[in-house]
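Chemist: Next one to model:
(chains A and B)
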Amino acid sequence: MSHGCRPFLPFLEVFGDGELSADKVLEVEQHLAECRLCRERVRLNAALRASTRQALRAAAAPSSAFQARVTQAMAAERERQEQRVLPQEMPDRQRARWLPWHATAPIAAAAALTLLWARSNHQSEGDHSGASDPPREALAGVTTSPATESVDRLIDEFLKNHASPRAPELLEPARIPELELQVGVPVPRPSLDQYGAHWEGASLVAVPVQNHRAASLRYRVAGHRVTLYVYNADRFPLRATLEPRVVRNQAVFIGTRRGYTLAAIERRGVGYAVTTDLSDRESAELIAATIH
Amino acid sequence: MARPSEHDRPRDRLLTDDFEREALSHLNSLLAVGTRLTRSSAEAEDLVQDTLVKAMRARHQFEAGTNMRAWLLRILTNTFINRYRRGGLERTVLEGPDSDPLADAWIGSSTMEAMRDPESQALRPMIEAEIRSAIDELPEDFRLAVVLADVEELSYREISEIMNCPIGTVMSRLHRGRRMLKSKLHEHARAMGIIGPEPVVGREDSPSEPVDLRTYREKRSAAS
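Modeler: Numbers count the residues shown, from 1 in each chain, chains lettered A, B, ... in the order given. Below is the predicted model:
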């Protein structure tokens, strides 16, 4: 190493990054004019930076499929926001924690009203599309949208059913698809074999809000109870209140409450959700691996 | 009615589509950083999508007039840490004040010249692959610092905000990350015969320099 280099070495890299203070720049430049070795050091640093940039940028050109997927995810998020009533200013973290069950009191009130109204107006089952919205004036002062109420109500039912399951109504896995008649959407026979799941039986969960039923399929995985639900996602868009996350290339919607985790995938109007006492990541993985 | 041009419109009143468009214009950057962080293109895509959805949700927290790319990279880094590294970025034993700032002073000038020689452009694809794998082998926080500085060309201050650490730490991580890269590429260049054996330390300025380059050129013409 040449004699005068040592004091300049710590500054050469910072100089190359253009982050050196003006007075130091002058000193370094003066030294560079005299020292070939240090000029070479600066050049090598620059060459390395350029090669790194080129190597990594070349490797990361997004595919058009990925661009389309991201654009779609962002549009879905915008749509979700437009439907939402939550104050946008709430910090992200806090919102994540409270999102699905914000404003519990108004929801409970609204749900109670809806329930009463629905009961007095609908004695028979059938198509209630649009009919279950309570009268506007009944909801005056309530800031939650009817869609959010129904969704929170459904989540409540899922968790209640998960926490204290009733005796299964159907024990043969082969008969699971028959539940389509009650649920109103196709009910596949999911396989959780890869997790060594033990099948415990199926039942129906009634949701009072829209006289809707969801299929509840119960499993046990490594000592944990796992309930998988199939529901009508057009009427109960869980995606409207849960946190989105991408797992295995699919959008999974996640929330936690009372120590349970809920993870849902909604596709072509059919919703698939699991409730577990596993971590949110494990639940998301479980539903993403099961529904694909 | 004449619509206000892009320039007339204040940033904080950007239309939905403008925000999305600008965010999407940073897709390459996000993917480049995400790929190096996760070391997997599939996971990087998931991470980037998560990042953009989170950005949509936090869009009102974005300060108009600030660097959106740096803001998005910060979300990406946080998402990565929360999702994959619950305990924060991996801390290496190398953390702390740099004990040996002169440690890369051993490379001689002829070697440096050969390493950046434009004639070795023919080897570029191989060198690019080598750089990528060398970067992937760096400890996580060194890797992130190098990628943010050298690929994304962010300032020390922006990197310190993204990595949530003092500027001095950024400089130290950068320096050590680059030094590791340099030494890996040096090994590679030697293995490829681009450079000869390193002269004894202290004799780097010896007049025998051109030998390395000539050897390299001879090897290249023999190879082609």
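Chemist: Could you give the number of residues near the nearest residue to A:R175 once chain neighbours are set aside?
Modeler: Among residues not flanking A:R175 along the chain, A:A202 sits closest, at 8.0 Å (C-beta to C-beta, 6 or more residues apart in numbering or on different chains). Heads up, the C-betas are built off the backbone N, CA and C, glycines and all. Per other C-beta atoms under 10 Å in any protein chain shown, the neighbour tally for A:A202 reads 23.
Chemist: and if you look at A:D277?
Modeler: 16.
Chemist: hmm, back to that, which of the residues in the helix or strand containing the residue nearest to A:R175 are buried?
Modeler: Per DSSP states H and E, A:A202 falls inside strand A:198-207. Of all the residues in strand A:198-207, those buried under the rule 16 or more other C-beta atoms under 10 Å in any protein chain shown are A:W199, A:E200, A:G201, A:A202, A:S203, A:V205, A:V207.
Chemist: Of those residues, which pair is most distant in space?
Modeler: Spatially, the most separated pair among the buried residues of strand A:198-207 is A:W199 and A:V207, at 23.8 Å (C-beta to C-beta).
Chemist: So which elements touch the strand holding A:A202?
Modeler: helix A:146-163, strand A:212-221 (3 or more C-beta pairs under 8 Å, 6 or more residues apart in numbering or on different chains; DSSP states H and E).
Chemist: Output the lowest mean pLDDT helix or strand found in chain B.
Modeler: Ranked by mean pLDDT, DSSP states H and E, the helix or strand of chain B with the weakest confidence is helix B:210-223, at a mean of 52.
Chemist: ok so, going back, what's in contact with the strand holding A:A202?
Modeler: Strand A:198-207 has contacts (C-beta atoms under 8 Å, 6 or more residues apart in numbering or on different chains) with A:150, A:153-154, A:157-158, A:161, A:165-171, A:173, A:175-176, A:179, A:182-183, A:212-221, A:229, A:236.
Chemist: let's see 7 Å
Modeler: A:153-154, A:157-158, A:161, A:166, A:168-171, A:173, A:176, A:179, A:182, A:213-220, A:229 (C-beta atoms under 7 Å, 6 or more residues apart in numbering or on different chains).
Chemist: Would you mark the buried spots in the longest helix along chain B?
Modeler: In chain B, taking DSSP state H as the definition, the longest helix is helix B:167-191. Buried residues in helix B:167-191, counting neighbours by 16+ other C-beta under 10 Å, are found at B:169-182, B:184-186, B:188-190.
Chemist: Over to stretch B:25-37?
Modeler: By 16+ other C-beta under 10 Å, the buried positions in stretch B:25-37 come out as B:H26, B:L27, B:S29, B:L30, B:L31, B:A32, B:V33, B:G34, B:T35, B:R36, B:L37.
Chemist: wait, the first one sits on B:W71?
Modeler: It refers to B:H26. No. Using C-beta atoms under 7 Å, B:H26 is not in contact with B:W71, being 9.4 Å away.
Chemist: low pLDDT regions in the chain?
Modeler: No chain in the question, so chain A it is. Counting by pLDDT under 70, the ranges of chain A that qualify are A:1-3, A:84-147, A:210.
Chemist: not what I meant, chain B
Modeler: Under the criterion pLDDT under 70, the flagged ranges of chain B are B:1-17, B:85-107, B:115-126, B:197-224.
Chemist: what domains does the record give for it?
Modeler: The record's domain parsing of chain B by automatic domain parsing lists B:12-84, B:109-223.
Chemist: now the helices: where do they sit in chain B?
Modeler: So, for chain B - with DSSP H - the helices run B:16-24, B:27-38, B:41-57, B:68-84, B:109-115, B:124-137, B:140-146, B:156-163, B:167-191, B:210-223.
Chemist: Provide the count of other residues in contact range of the nearest residue to B:R39 once chain neighbours are set aside.
Modeler: Nearest non-adjacent residue to B:R39, counting by C-beta to C-beta, 6+ apart: B:D136, 5.2 Å away. B:D136 has 11 neighbours, counted by other C-beta under 10 Å.
Chemist: From chain A, how far out is B:D136?
Modeler: From B:D136 across to chain A, the span is 10 Å (C-beta to the nearest C-beta, to the nearest Å).
Chemist: how near is B:E130 to B:D136?
Modeler: 11 Å (C-beta to C-beta, to the nearest Å).
Chemist: ok so, going back, export the domains of chain B as TSV, with columns for distance to A:I254.
Modeler: Converted to TSV, these look like this (distance: least, C-beta to C-beta, whole Å):
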stretch	distance to A:I254
domain B:12-84	12
domain B:109-223	25
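Chemist: Looking at those, spot the one closest to A:A46.
Modeler: Closest approach to A:A46 among the domains of chain B (C-beta to C-beta): domain B:109-223, 8.0 Å.
Chemist: Now for the residue lying closest to A:G16 once chain neighbours are set aside, how many residues are close by?
Modeler: Distances taken as C-beta to C-beta, 6+ apart put A:N45 closest to A:G16, at 4.5 Å, once the chain neighbours are dropped. Per other C-beta under 10 Å, the neighbour tally for A:N45 reads 21.
Chemist: is it true that A:N45 lies in a helix?
Modeler: Yes. Under DSSP: H, G, I helix; E, B strand; the rest coil, A:N45 falls within a helix.
Chemist: thought it was touching A:F11?
Modeler: No. Counting by C-beta under 7 Å, A:N45 sits too far from A:F11 to count as a contact (11.6 Å).
Chemist: the helices in the stretch 51-200 of chain A, which residues?
Modeler: A:64-83, A:92-98, A:104-121, A:146-163, A:180-183 (DSSP state H, counting those that start in this stretch).
Chemist: and the most centrally placed residue in chain A, which of the three is it?
Modeler: In chain A, the residue lying closest to the centroid (C-alpha atoms, centre = their mean) is A:P244, at 2.1 Å. Following three-state DSSP, we place A:P244 in the strand state.
Chemist: was I right about it contacting B:V53?
Modeler: Yes. Counting by C-beta under 7 Å, B:V53 is a contact partner of A:P244 at 5.5 Å.
Chemist: Can you work out which residues contact both of these two?
Modeler: Applying C-beta under 7 Å, 6+ apart, one finds that A:P244 and B:V53 are jointly contacted by A:E77.
Chemist: Which one of the buried residues of strand A:198-207 is nearest to chain B?
Modeler: A:V207 (27.5 Å; C-beta to the nearest C-beta).
Chemist: Tell me what that closest one is bridged to.
Modeler: Bridge pairing for A:V207 (DSSP bridges) gives the partners A:H212.
Chemist: do the same with the one 10 residues further on
Modeler: When assigned by DSSP bridges, A:L217 has beta-bridge partners A:A202, A:L228.
Chemist: separation between it and A:Q182?
Modeler: A:L217 is 13 Å from A:Q182, by C-beta to C-beta.
Chemist: higher neighbour count, the two?
Modeler: A:L217 (26 against 14).
Chemist: show me the contacts for the more buried one.
Modeler: Per C-beta under 7 Å, 6+ apart, neighbours of A:L217: A:I176, A:P190, A:A202, A:T227, A:L228.
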